[in-house]
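Undergrad: could you work out the structure for the sequence below:
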Amino acid sequence: MKVLLETERLILRSFTAEDAENLFQLDSDPKVMRFINGGKPTEYNTIKEQVLPKFLGYYQKYDRFGFWATVEKSNNEFIGWFHFYPAVENQFAVELQIVNSNEIALGYRLCQSTWGKGYATEASIALINKGFLEWDVQRVVAWALTVNKASTRVMEKVGLKLEKEFVFTESQLPNLQPSERIIAFYGLNKNQVL
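TA: Below is the predicted model of the structure:
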């Protein structure tokens, strides 16, 4: 197991095959999944056969980019994940033509019990700083549904700037109402902060 980085309260580490249950518990919470797919839980077999292998596959392709299991330092409890990877790896974003090859996508999914504790902000700042200062990342992007105010607030707190909004079709996000399908796209260039 590789540790990517540590913050004051968190450890971001590589996923292992043993994390299937952690991912299943995370994706079984309708509130966690609310702005992903309308609140539908992910089946355990899907986690074990599709999601986790995809996460693990990033470690074969990249030394420092991918999906990172996140645990609290104080008790080693799994609280969710962060991703930090080339944005063109996100097929959804590529199909929508919203990302470029020089961009690194930042994202996160955390257990409901940790919401409001500042963990998303803490780890996102650490990832952005590591990317800009150590990994020669030139641009970080992130996106979320505009109705997901907690997520967009994190993006703004860490310095990302709203660049554009666009609307998903019903076929792209069938479990959400039309007013909920608006995506906010944020970005930050290295030269804007250093």
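
Undergrad: which residue sits closest to the most centrally placed residue in the chain, ignoring its sequence neighbours?
TA: Centroid-nearest residue in the chain, with CA atoms, centre = their mean: residue 107, separated by 1.9 Å. Excluding the flanking residues, the one nearest residue 107 by CB to CB, 6 or more residues apart in numbering is residue 83, at 4.6 Å. Yep, even glycine has a C-beta here, placed from its N, CA and C like the rest.

Undergrad: I'd assumed residue 82 was in contact with the residue nearest to the centre of the chain.
TA: Yes: look at residue 107 against residue 82 with CB atoms under 8 Å: they come within range, at 7.0 Å.

Undergrad: which residues are common contacts for these two?
TA: Common neighbours of residue 107 and residue 82 are not found (criterion: CB atoms under 8 Å, 6 or more residues apart in numbering).

Undergrad: re earlier: ok so the residue nearest to the centre of the chain is a strand residue?
TA: Yes: looking at residue 107 with DSSP: H, G, I helix; E, B strand; the rest coil, it is inside a strand.

Undergrad: mind checking pLDDT for it?
TA: Note on residue 107: pLDDT of 98.
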